[in-house]
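# Requesting a structural model of the entry that follows:
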Amino acid sequence: MAAPNNRRPGFSRKAQFTIFATYVLTISGAIVGGLLLLISILDPKGFSALRIVGAEATAPISRFFNSIRRTVSDGSENMSFYWDAAAKNKAMSRKIKALEKENFALQITKLENDTLKPLIEIMQNDELDIITTGRLISTSASSGRKFALISVESTHNIEAGQPVISDDGLIGRITEIGLTTARILLLTDTGNVVPVIRLSDGLAAFSTGKADGSLLIKPLNLGVNPFNKGDILVTSGNGGLYPPNIPVAKIIRKLDDSGLARPMADPATTDYSTILRIYDPTANAEIEALKQAAELSENSAVIP
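Next up is the predicted model:
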């Protein structure tokens, strides 16, 4: 047999009080709602006052929940700003790295241009008989003998004895030739003697390496030491081999019968060097004589 629908909650007082309280609250709510509706119809001003009192009573609760809502909203907005700022920082960091790489490449290009510009000026010098230009790849700064290696192909007609210069001055001369490199006897080697003159007055002297990075400058005429600190010495061209007027050294200290000098060109800081043909003053004099004869013949042909 089915249980009846109107079953009582039994002898549980808690269940009975719960049902009773539900009935009371429902009926009370209905009565209060009816009274409020009646007051709103009969006395709108009084209902407005009641509504204001109710709003004031519930204002703290509304403020509490509103503050929670604003806090959550501000937190989510701040998080959104944080992630957006993080993304922008990453993008800016990538741009900065790209600009740094570009700036580094520009600096390298500028350095190479500054290095090659003096060499281009040397290459355009009509008085120098240039063979080729190569990169200095090593120097023997720590050994007793002073040598360097230059990267050049043997197909350029490289020969022993040919002078090697940089944009600062004389470096040395070729001693050995390989397939892709050539060996240079540096100016500071004890076995390298170079005829020089003082730039200011043409005083003749010769330079000898001291194997310690410096040079010893001795005058041809022994006697009173004519050198002074700061004197500039260039190649004289005497005896051939080295063309004249190539910077060689600068006097840094006056000795008893000579001068201590510092080379104008430093192989350790030189990237590119130029190889010249061996200077032959006799051949150059013959070429100049032929040029002058050709000019005279042209001038005589013009005159009627």
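# Have a look at this protein and report its longest strand.
strand 130-139 (DSSP state E).
# Sheet partners, orientation included, of that strand?
strand 147-151 (antiparallel), strand 272-276 (antiparallel) (DSSP bridges).
# List the buried residues for that strand?
131-134, 136, 139 (16 or more other CB atoms under 10 Å). C-beta: built from backbone N, CA, C; applies to glycine.
# now these as JSON lines including distance to residue 183 and pLDDT?
Output for these, formatted as JSON lines (distance: CB to CB, whole Å; pLDDT from 0 to 100):
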{"residue": "131", "distance to residue 183": "16", "pLDDT": "90"}
{"residue": "132", "distance to residue 183": "16", "pLDDT": "90"}
{"residue": "133", "distance to residue 183": "17", "pLDDT": "90"}
{"residue": "134", "distance to residue 183": "12", "pLDDT": "90"}
{"residue": "136", "distance to residue 183": "11", "pLDDT": "89"}
{"residue": "139", "distance to residue 183": "11", "pLDDT": "82"}
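# out of those, who's nearest residue 190?
Nearest to residue 190, judged by CB to CB, of those is residue 139 at 15.8 Å.
# correct me, but the closest one touches residue 268?
Yes. Applying CB atoms under 8 Å as the test, residue 139 and residue 268 come out as touching, 5.7 Å apart.
# in the stretch 201-304 of the chain, which spans are helices?
281-302 (DSSP state H, counting those that start in this stretch).
# what about it, any weak spots by pLDDT?
283-304 (pLDDT under 70).
# Can you get me a residue count around the closest residue to residue 198 other than its chain neighbours?
Leaving aside its chain neighbours, residue 198 sits nearest to residue 231 (5.5 Å; criterion: CB to CB, 6 or more residues apart in numbering). Around residue 231 there are 21 other residues, counting by other CB atoms under 10 Å.
# ok, now residue 238?
17.
# Could you pull up the contacting residues of it?
Taking CB atoms under 8 Å, 6 or more residues apart in numbering, we find residue 238 in contact with 195, 204.
# Mind doing that once more with 7 Å?
Counting by CB atoms under 7 Å, 6 or more residues apart in numbering, residue 238 touches residue 195.
# what's the spacing between it and residue 30?
Note on residue 238: its distance to residue 30, by CB to CB, to the nearest Å, is 131 Å.
# picking that back up, winner for burial among the strands paired with strand 130-139?
strand 272-276 (a mean of 22; mean count of other CB atoms under 10 Å).
# residues making contact with that strand?
115-116, 119, 122, 128-136, 150, 152, 158, 162-166, 171, 174, 243.
# Where does residue 175 sit, in terms of helix or strand?
For residue 175, the host element (DSSP states H and E) is strand 170-177.
# May I see the strands paired with strand 130-139 arranged in JSON lines, with distance to residue 264 as well?
Formatted as JSON lines, the strands paired with strand 130-139 follow (distance: least, CB to CB, whole Å):
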{"stretch": "strand 147-151", "distance to residue 264": "16"}
{"stretch": "strand 272-276", "distance to residue 264": "13"}
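# Figure out which of the ones you listed is closest to residue 107.
Closest among the strands paired with strand 130-139, using CB to CB: strand 272-276, at 18.1 Å.
# Please parse the chain into its domains.
80-124, 130-281 (automatic domain parsing).
# Out of those domains, which gets nearest to residue 23?
domain 80-124 (50.3 Å).
# State the mean pLDDT of that closest one.
The pLDDT scores in domain 80-124 average 67.
# Likewise for stretch 173-193?
91.
# Okay, buried residues for it please.
For stretch 173-193, by 16+ other CB under 10 Å, it's 173-175, 177, 181-189, 192.
# returning to what we had before: what's the first helix or strand after the strand holding residue 175?
As assigned by DSSP H and E, the chain's next helix or strand after strand 170-177 is strand 181-186.
# now the angle from that next one to strand 272-276?
90 degrees (axes from the mean of the first three to the mean of the last three CA atoms, to 10 degrees).
# How many neighbouring residues does the closest residue to residue 232 other than its chain neighbours have?
By the measure of CB to CB, 6+ apart, the closest residue to residue 232 outside its immediate chain neighbours is residue 199, 4.3 Å from it. By other CB under 10 Å, the residues close to residue 199 number 15.
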